[in-house]
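Undergrad: please find the sequence and the predicted model below.
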Amino acid sequence: MVEKIKIYRGSSDYIVSEELMNSVNIAIALQKPLLLKGEPGTGKTMLAQSIADALGLKLIIWNIKSTTKAQEGLYVYDTVQRLYDSQFGEGDVSDIKQYIKLGKLGEAFVSDEQVVLLIDEIDKADLEFPNDLLWELDQMSFYIPETKETITAKHRPIVIITSNAEKELPDAFLRRCIFHYIAFPAPEEMEKIVRVHHPNIEKKLLEQAMETFYMLRSIPNIQKKPSTSELIDWLQALVVGGIKPSKIKQDLPFLGVLLKKNEDLDLVLNEVYNKTRNKNANSTYIGSSINRFRV
Ligand SMILES: Nc1ncnc2c1ncn2[C@@H]1O[C@H](COP(=O)(O)OP(=O)(O)OP(=O)(O)O)[C@@H](O)[C@H]1O
Ligand SMILES: [Mg+2]
């Protein structure tokens, strides 16, 4: 099972920093899962797609929910279907194998070619979940007692795990991973990311929108800072809405695309209101302008 080491160098639709590229390549070389943390929208999920695209590998995504159990990633034995078939079906139900359905990890193990396996948002599940996967991720193998069969990875998958740090992950699990924290992009890097999605955006519009975006993120006590994906959507809205660059900072159009909490909208509107009031005593104008802030 010796794989020729693959080197990840980024992909055309994903902007990757030198450090992140190194972490990916170290994880691939050491054959350990890469655990990614970072604010929402910092490209954790998309990195797995980028690795798969760049290396020409299939991507298998296991989306974790609060109710997901580790066992589901290995296999599920469909006893209900078997019982149903035994009562109403015509076929032979003694072959249990046909009722074993492999989960995402199982699928990655039996694949004839190496795959990228994304375990997305691992912290959504309960604390036992990562611990329950330690053995399988280490050994790349698991046993199915019902069929007395051992499933062993034909090719060790490249495993990417993302977490939004809703819960701390167990130490034993952390010890087995390469860890990388994706920092929120600085404006220069953000500009490159935005250009991937809006290659033809007008320079002045982008400049004004970026300044406003980072200004909003810097307001203290904001509960949910707008993220990369929200900036990308906002730029789209500004273009579609035909907003003039000079109006962006002043009018904050389509603010609801960036801010998703009432408290944050109020906070920002107050901030802008206070600033503008200091500059200009015409409160009637402010009132009418505030109505336009909401999408
Ligand atoms: N480095 C990047 N290069 C290109 N696009 C990016 C990059 N980072 C983020 N994006 C854009 O931002 C969007 C959000 O990225 P993604 O869904 O991967 O973030 P995430 O970190 O998984 O967020 P969440 O924690 O909410 O799941 C992507 O659809 C992509 O359009
Ligand atoms: Mg994600």
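TA: Great, that's in hand. Residues are numbered from 1 along each chain as shown. Ligands and ions are numbered 1, 2, ... in the order given.
Undergrad: going forward, measure contacts between C-alpha atoms and count neighbours the same way
TA: Fine.
Undergrad: for the residue in the stretch 101-250 of the chain positioned nearest to ligand 1, what are its contacts?
TA: Proximity of the stretch 101-250 of the chain to ligand 1 (C-alpha to the nearest ligand atom) peaks at Ser229, 4.0 Å away. With contact taken as C-alpha atoms under 8 Å, 6 or more residues apart in numbering, Ser229 is in contact with Gly41.
Undergrad: so which bits of the strand or helix carrying it are buried?
TA: Per DSSP states H and E: Ser229 is located in helix 228-240. Under the neighbour-count criterion of 16 or more other C-alpha atoms under 10 Å, helix 228-240 has 228-232, 234-235, 238-239 buried.
Undergrad: same question, stretch 145-161
TA: In stretch 145-161, the ones that count as buried by 16+ other C-alpha under 10 Å are 151-161.
Undergrad: go on, stretch 11-29?
TA: Neighbour counts over stretch 11-29 (16+ other C-alpha under 10 Å) mark 11, 14-16, 20-28 as buried.
Undergrad: ditto for stretch 186-200
TA: For stretch 186-200, the buried set under the neighbour-count rule, 16+ other C-alpha under 10 Å, comprises 190, 192-195, 198.
Undergrad: just stretch 37-56 next, same as before
TA: For stretch 37-56, the neighbour count (16+ other C-alpha under 10 Å) marks 37-40, 42-45, 47-55 as buried.
Undergrad: then stretch 238-248?
TA: Of the residues in stretch 238-248, 238-239, 245, 248 count as buried by neighbour count, 16+ other C-alpha under 10 Å.
Undergrad: distance of the residue nearest to the spatial centre of the chain relative to ligand 1?
TA: Central residue of the chain (C-alpha atoms, centre = their mean): Thr45, 3.0 Å from the mean position. Taking C-alpha to the nearest ligand atom, to the nearest Å as the measure, Thr45 falls 4 Å from ligand 1.
Undergrad: that residue contacts Ile119, correct?
TA: No. If you go by C-alpha atoms under 8 Å, Thr45 and Ile119 don't touch, sitting 9.1 Å apart.
Undergrad: which neighbours do these two share?
TA: Contact criterion C-alpha under 8 Å, 6+ apart; residues shared by Thr45 and Ile119: Thr162.
Undergrad: pull up the residues of the stretch 1-150 of the chain that are close to ligand 1.
TA: Counting by C-alpha under 6 Å from any ligand atom, the stretch 1-150 of the chain comes close to ligand 1 at 13-16, 40-46.
Undergrad: low pLDDT regions in the stretch 151-295 of the chain?
TA: In the predicted model, the stretch 151-295 of the chain carries pLDDT under 70 at residues 273, 276-295.
Undergrad: where along it do the helices fall?
TA: Under the criterion DSSP state H, counting those that start in this stretch, helices of the stretch 151-295 of the chain are mapped to 171-175, 187-197, 203-217, 228-240, 245-251, 255-258, 262-279, 283-293.
Undergrad: so how far is the shortest one from its chain's centroid?
TA: Spelled out, that is helix 255-258. Taking C-alpha atoms, centre = their mean, to the nearest Å, one finds the center of helix 255-258 at 20 Å from the center of the full chain.
Undergrad: which elements pack onto that helix?
TA: helix 228-240 (3 or more C-alpha pairs under 8 Å, 6 or more residues apart in numbering; DSSP states H and E).
Undergrad: measure how far the helix it packs on is from the centre of its chain, please.
TA: Distance of helix 228-240 from its chain centroid, counting by C-alpha atoms, centre = their mean, is 18 Å.
Undergrad: how many degrees apart are that helix and helix 203-217 in direction?
TA: Between the direction of helix 228-240 and that of helix 203-217, the angle (axes from the mean of the first three to the mean of the last three C-alpha atoms, to 10 degrees) works out to 140 degrees.
Undergrad: the inter-axis angle of helix 228-240 versus helix 187-197?
TA: If you take the same axes, to 10 degrees, helix 228-240 sits at 60 degrees to helix 187-197.
Undergrad: before we move on, the earlier item: part of a helix, is the residue nearest to the centre of the chain?
TA: Yes. The assignment for Thr45 is a helix, going by DSSP: H, G, I helix; E, B strand; the rest coil.
Undergrad: contacting residues for it?
TA: 118, 120, 162.
Undergrad: can you flag which of these belong to strands?
TA: With strands identified by DSSP state E, the entries of those that belong to them are 118, 120, 162.
Undergrad: got CSV for the residues you listed, with neighbour count too?
TA: As requested, the ones in strands among the contacts of Thr45 are arranged in CSV below (neighbours: other C-alpha atoms under 10 Å):
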residue, neighbour count
Leu118, 28
Asp120, 22
Thr162, 23
